[in-house]
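> Prediction below, plus the sequence it came from.
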Amino acid sequence: MNSRWNDDEARNVANDLIGLRVYTSRLLGQEPDLVLHGGGNTSVKTQKDDFFGNPVETLLVKGSGWDLRTIEEGGFAPVAVNTLHSLAKLESLSDSEMVAQQRMAMLDPNAPNASVEAILHAIIPYRFVDHTHADAVLAISNTSDGEARIRSLYGNRFIVIPYVMPGFALARLVYETTRNLDWNDYEGMILMNHGVFTFSDDGQASYEKMIQLVTEAEDYLERHSANAVSKDSSEVSLMELARIRKTVSEIRGAPVVAVLDQSPQAAGYAAIPDIKRFGAAGPLTPDHSILAKRIPAIIETDNPTSSLQEYASGYRTYFDRNANGTQKCLDLAPRWAIWPGCGIVSFGAHYKRATTIKDIAAHTAKVVQSSEALGGWVPLNERDVFDVEYWELEQAKLKSGNTTLPLQGKIALVSLQDAALAEATVQSLLDQEAAVVAQFRESPESMIDHEALIIVSNASLLGSTEAAVKAFGGIDLLITDERLFSSTDLFDRESDLAKAVSYLALGIEPKIGILSNAPGSIDPDSINATHNRLSEFYNTPIDLVIADTKNGNTLKTLNRPLRERDFNSIIEDLSR
């Protein structure tokens, strides 16, 4: 692994302790083989004044919800070190109470909550502390003889801690293990099945120790021929992908975006002959279970729906086997799936979450193959993973309830001749967390960089629909103008239009929205007839909405009466 340290960049923060902490944190965050999407944490110890002007030794530690790749000074939580030391000496402490006590010890009430590993950072007696979930180290530790391999590789240069639950339990174990050790004898600390810590009073030195430690692990994998990954090509039925996304959405009880990874690496992993033996054994690191659950589904090519239903049944059994009676079971749907012959599919409540899980799945696939080459992938046991997946801190979030936007997880295709109307429609859909494919002759500059938007030009409606399925897994909303409504191709199974609507029929509560500035030209009886024929022809209920964009009226939404609407309300009506 190459160091990203740059003397010219570092010179800008040479006399700024916190600026240096931000800089090296971002260096770590830019390397996905170290941390992914909010993983890992860093800290620096300094002195700050409290409300009364009294100097207080303070730990500035990464705050909850921040990502090392983009963290700023405001992303660090300032916590009194003496309080954290006192907490470490307690015999027991729930993680909820730990978070509360850390909050009470903060010098800035407006700062984010401190990392759950703040106590651990505090008891490490160095100014700079870095923590990552390095892939190469995990590939070695997650094997049947992982600890022996780690000790053989690093000798006595690193403290090795057996796995224990993150939070207070981990901090307490490290405190007890190290209270009689001389920290100067060690370059860092390795947490089995979890990650790595390095530390120094110098920010660059702590960072470079991390890079060196990981480089040694990468070299070890290379010496043992354990750094190769399988590669293959794949062909996918888009109809089958849409059915998979529909089944997962139904199991989950909410629409999901499905992102298919057909890269040679993903296709190669899915094509490994005995993938069932180890592909669904456990996560790369237990933290991943919070986003990606403990294991993926493995889709049987000849019966994907049955495979997903079996996963749901198995997940319920897993919960019942480990729950203590106080936890609330999550939905039963997988967060990712291995699809032999096709690749890996990741599922998220919105596009950003689906791509986050895609990255977790890709790194898991790479590390699993390295561990297999070292004698066998042996992840953390089921019970320990369950404890993280159903952590009291995560359960508290469920009890507080989550607010979702009306179109979260929905996928829309916008095909309108009026460019201004199309742009307004797309923006309204994106604002409500829909994923969108839009037909534009020229890309509107205001939306060019939106991650959940695919812009197509000079493509047929069928081509645009297939683009939606490839990018997001399906289509739920087709928003167009009178062209579609008046087309006889809608009921010609050989037409591109009918083939496009066949994908829509596999959507979640599928709807066709016809936006018109002259809706009076459409006969109401014709609307009802078309709606009834749609559902019969495509063998599924397809809702039909005719909207007056000129005057803001919803002319017809099945049997609901005419109502005055502003434009956004018309779009919201499509989500019901």
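Sure, I can see it. Numbering: from 1, shown residues only.
> how far away is the spatially closest residue to D492 that is not a sequence neighbour from T465?
Counting by C-beta to C-beta, 6 or more residues apart in numbering, D492 lies nearest to A498, which is 5.5 Å off, once chain neighbours are set aside. Heads up, the C-betas are built off the backbone N, CA and C, glycines and all. Separation of A498 from T465 (C-beta to C-beta, to the nearest Å): 11 Å.
> hang on, the earlier thing: am I right that the residue nearest to D492 sits in a helix?
Yes. Checked against DSSP: H, G, I helix; E, B strand; the rest coil, A498 lies within a helix.
> That one: neighbour count?
17 (other C-beta atoms under 10 Å).
> That one: what's it in contact with?
Going by C-beta atoms under 8 Å, 6 or more residues apart in numbering, A498 touches D489, L490, F491, D492.
> isn't the third one right next to E536, touching?
No. With contacts defined as C-beta atoms under 8 Å, F491 does not count as touching E536, sitting 9.7 Å away.
> Could you pull up phi and psi at A258?
According to degrees, to the nearest 10, the main-chain angles of A258 amount to phi -110, psi 120.
> What sits closest to it if chain neighbours are left out?
In space, and not counting its chain neighbours, A258 is closest to G473: 2.7 Å by C-beta to C-beta, 6+ apart.
> Test for you: state the pLDDT assigned to that neighbour.
Listed pLDDT for G473 reads 97.
> dump the residue contacts of V99.
Here V99 is in contact with N113, A114, V116, L393 (criterion: C-beta under 8 Å, 6+ apart).
> what pLDDT does it get?
95.
> how about it, secondary structure?
helix.
> What's the separation between it and L534?
52 Å.
> What of G348?
29 Å.
> Which of those two has more residues huddled nearby?
Per other C-beta under 10 Å, whichever of G348 and L534 has more neighbours is G348, with 24 against 21.
> what is the more buried one paired to in the beta sheet?
Using DSSP bridges, the beta-bridge partners of G348 come out as V257.
> residues in contact with it?
V256, V257, V259, R335, A354, T355, T356, I357, G409.
> Among those residues, which lie within helices?
Here DSSP state H is the test, and these give A354, T355, T356, I357 as lying in helices.
> Can you spell out the domain ranges of the chain, please?
Per the record, the chain has its domains at 7-223, 238-400, 411-574, by automatic domain parsing.
> Among the ones you listed, which comes closest to S230?
domain 238-400 (3.4 Å; C-beta to C-beta).
> I'd like the average pLDDT over the closest one.
pLDDT averaged over domain 238-400 gives 94.
> Just give me how far it sits from the chain centre.
12 Å (C-alpha atoms, centre = their mean, to the nearest Å).
> what do you get for stretch 213-231?
Relative to where its chain is centred, stretch 213-231 has its mean C-alpha point 26 Å off (C-alpha atoms, centre = their mean).
> Of all the residues in that stretch, which ones are buried?
L213, V214, A217, E218, Y220, L221, A226, N227, V229, S230 (16 or more other C-beta atoms under 10 Å).
> Name the SS class of the first one, please.
Here L213 is recorded as helix under three-state DSSP.
> my read: it touches M189, true?
No. With contact defined as C-beta under 8 Å, L213 does not reach M189; the gap is 10.2 Å.
> Give the residues shared as contacts by the two.
F158, V196, T198.
> Skip the chain neighbours and tell me the closest residue to K45.
Closest to K45 by C-beta to C-beta, 6+ apart is R127, at 5.1 Å.
> What pLDDT does the model give the one you found?
pLDDT, R127: 98.
> Among the buried residues of stretch 213-231, which one lies nearest to E423?
Distances from E423 to the buried residues of stretch 213-231, taken by C-beta to C-beta, are shortest for V229, at 41.9 Å.
> Tell me the confidence at that closest one?
94.
> Which helix or strand contains it?
According to DSSP states H and E, V229 maps onto no helix or strand at all.
> Can you name the residues that contact it?
Counted by C-beta under 8 Å, 6+ apart, V229 has contacts Q265, G268, Y269, A365, K366, Q369.
> Am I right that A412 falls within a strand?
Yes. Assigned with three-state DSSP, A412 falls within a strand.
> now the strands: where do they sit in the stretch 1-150 of the chain?
41-49, 55-62, 76-80, 128-132 (DSSP state E, counting those that start in this stretch).
> The stretch 301-450 of the chain too?
336-339, 343-348, 411-414, 435-439.
> Distance to D202 for the ones you listed - can I get that in TSV?
Shown next, in TSV, are the strands of the stretch 301-450 of the chain (distance: least, C-beta to C-beta, whole Å):
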stretch	distance to D202
strand 336-339	40
strand 343-348	39
strand 411-414	50
strand 435-439	45
